[in-house]
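A.B. asks: predicted model and sequence follow; I will ask about them next.
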Amino acid sequence: MQADLPPMSASSALVWACRRDLYLAARSRAELAVVRLFFLLDASLFPLSVSPDPTLLRAIAPGIAWVAALLATLLGLPRLFAADWADGTLEQILLAPAPLPALIAGKVLAHWLVTGLPLLLLAPLAGLQFGLAADAIGILVASLALGTPILSWLGATTAALTLGARGGASLLALLVLPLAVPVLIFGAGAVESFAAGIGAEAHLSLLGAGLILVWVFGPFAAALAVRIAHE
Amino acid sequence: MSEWLAMGGHGFYIWSSYGMLALAVAIELWALRRRRQAAWRHVEDFRAELEHARES
Amino acid sequence: MMTTGSFWFQFASPARFYPLAGRMIPWFGCAAVLLSLVGLYIGFVVAPTDWQQGESYRIIFIHVPAAWMAMFIYLVMAFWSGLSLVMNTRLSAMMAQALAPTGAMFALISLWTGALWGRPTWGTYWVWDARLTSTLILLFLYLGFIALRASIDDPRRADRACALLALVGAVNVPIIYFSVQWWNTLHQGATISLTAAPKMAETMLTAMLLMTFAAWSYTIAAVLHRVRSIMLEREAHSDWVDALMAGGAGGRGGTGGQGGKESPAATTEAAAGGRGIASTTQSGVAR
């Protein structure tokens, strides 16, 4: 498939991988719709199981939105590598004359565009459901914008590690969730601090720092994981 | 003696803690022993298979 | 024999490490028992009743060492994992594999004793303080490591996958701890903290330190024992295991009474001079 690809630079490899995955994603729209629906459904479960009391809901809204985002991301993670792994394309990608970290970065970027970005658009809906004020919703969206890519990268590395392992999605969840705790804390904390009047700058800057770190190290960690999976 | 055991009313908490530790250690030691025995069995089975393969 | 550096390198071979570990286990085991006896004596007989917490504070003699061990063991596991990735050695990966269950055990004990200490002291069994919560997450990290290893069939691939997981986890542990600490202080009601141990009398501190050393010795003994089993499981085809069966305590009714003679057996994996070493295994070979 890519046997006759000329050696690619990192940026063109990234763009190529991203484009390819987006194209493939466009073909499985239904699958992706499930992830988005799951986010809204999940968030809706809480008032049903807890209480529709508006003050309570407003207080727990950031946490719920963030947990729902986390679970929705988790739901969409296997598709990052699963299809390519199953038909051997991933091995081809490994052998391609292009920097593997860049190719993986392209895949992760595409994945985020398709699963993370929609959450940013749906979050205001969830926020309204829970009676969050408009500016609080803004902070929520900002925290998700910074945090969901981090989740994508954490997920990508662990998804690569579980390739060819038994246990599938539940193993992946067990591995990712503990690592995702800081993102959850700072993400939901940003909105809560804002609502409490303390301001969200500290939380958002920490998330921003995390985002930078994860973009710097993530590609190499995930690339190593993919190589390990193919030994 | 029973006064000491009661630990000023906190006996339940203290002895449950130490009891759980004792139980955990006991389980770990037992598991270690079991693993060693299984390992030797594995080695023997492996050898037996080899001998068998060589003979046939 | 040789220069100091290369002297130690020989123990990177399972063949050499097996008997060495065997000799070390009894020493550390005895040390663990002695240290705990002395520590518990001081803790229960010598140390006074705490004026604030009564007798229940005596739980810290196992709670704090367990929490520390859970943390340390993870870092040691990450160290061996990193080594195994960099130097591509099997034994380092086996050490990491051997450490995980003991680490998980200590994490569990830490949580259990923390809950039982929290109840008489602060009224609830579970307190979302920074250390307890971090330990809970640490427990999940351990379980994830063990689960990943169990779900990958090829041992070398499992080694490397788990090694990367352990390293990613290790990098995350301080971040997790920091974030949980942050979260804790931000939410009022965080005046409750299990990290604020009672103002400790010297005897209390001594007992706690002794118990920590006891935990360390126990860990070393248990992990060495486990890694020896792992070595047997994974190196069953090697010459040195062959020789062990031949020279070691008979009566296991092994291969048809002939005992594993120095047959070429299967392919060996760089078992550095395993045969001569096996004869030095004495009481260490605890079947």
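C.D. replies: Right, received. Where do you want to start? Fair warning: this is a prediction, and the values are worked out from it, not measured in the lab. Residues are numbered from 1 along each chain as shown, chains lettered A, B, ... in the order given.
A.B. asks: just the strands in chain A please.
C.D. replies: For chain A, applying DSSP state E gives no strands.
A.B. asks: near chain C, which residues of it?
C.D. replies: A:157-158, A:161-162, A:164-167, A:171, A:174-175, A:177-179, A:181-182, A:185-186, A:189, A:192-193, A:210, A:221, A:224-225, A:228-229, A:231 (C-beta under 8 Å from any C-beta of the partner chain). For every residue, glycine as well, the C-beta is placed using N, CA and C.
A.B. asks: let's see it at 7 Å
C.D. replies: A:157, A:161, A:164-167, A:171, A:174-175, A:178-179, A:181-182, A:185-186, A:189, A:221, A:224-225, A:228, A:231 (C-beta under 7 Å from any C-beta of the partner chain).
A.B. asks: which among those end up buried?
C.D. replies: The neighbour count (16 or more other C-beta atoms under 10 Å in any protein chain shown) marks A:157, A:161, A:164-165, A:167, A:171, A:174-175, A:178-179, A:181-182, A:185-186, A:189, A:221, A:224-225, A:228 as buried among the residues of chain A next to chain C.
A.B. asks: how many residues are close by A:Leu121?
C.D. replies: Applying other C-beta atoms under 10 Å in any protein chain shown, we find 11 residues neighbouring A:Leu121.
A.B. asks: whoops, C:Ser217 was the one
C.D. replies: 20.
A.B. asks: output the below-cut-off pLDDT ranges for chain B.
C.D. replies: Of all residues in chain B, none has pLDDT under 70.
A.B. asks: what segments of it are helices?
C.D. replies: Using DSSP state H, the helices found in chain B span residues B:2-6, B:11-55.
A.B. asks: wait, which of those is closest to A:Ala33?
C.D. replies: Closest to A:Ala33 of these, according to C-beta to C-beta: helix B:11-55, at 47.0 Å.
A.B. asks: picking that back up, among the residues of chain A next to chain C, which ones are in helices?
C.D. replies: Those of the residues of chain A next to chain C lying in helices (DSSP H): A:157, A:161, A:171, A:174-175, A:178-179, A:181-182, A:185-186, A:189, A:221, A:224-225, A:228.
A.B. asks: so A:Thr148 is in contact with A:Thr73, correct?
C.D. replies: Yes - counting by C-beta atoms under 7 Å, A:Thr73 is a contact partner of A:Thr148 at 6.3 Å.
A.B. asks: so what sits against both of those two?
C.D. replies: When C-beta atoms under 7 Å, 6 or more residues apart in numbering or on different chains defines a contact, the residues bordering A:Thr148 and A:Thr73 alike are A:Gly116.
A.B. asks: quick one: least confident helix or strand in the chain?
C.D. replies: Picking chain A for this. helix A:29-49 (a mean of 86; mean pLDDT, DSSP states H and E).
A.B. asks: if we can go back for a sec, need the max-distance pair from the ones in helices among the residues of chain A next to chain C.
C.D. replies: A:Gly189 and A:Ile228 (34.0 Å).
A.B. asks: how near is the most centrally placed residue in chain B to A:Ala136?
C.D. replies: Taking C-alpha atoms, centre = their mean as the criterion, B:Trp30 is the residue nearest the geometric centre of chain B, at 1.9 Å. Look at B:Trp30 and A:Ala136: by C-beta to C-beta, to the nearest Å, they are 54 Å apart.
A.B. asks: mind listing the helices for the stretch 101-250 of chain C?
C.D. replies: Using DSSP state H, counting those that start in this stretch, the helices of the stretch 101-250 of chain C run over residues C:130-151, C:155-186, C:202-234, C:239-247.
A.B. asks: pick the most deeply packed of those helices.
C.D. replies: Among the helices of the stretch 101-250 of chain C, ranked by average contacts under mean count of other C-beta atoms under 10 Å in any protein chain shown, first place goes to helix C:239-247 (a mean of 24).
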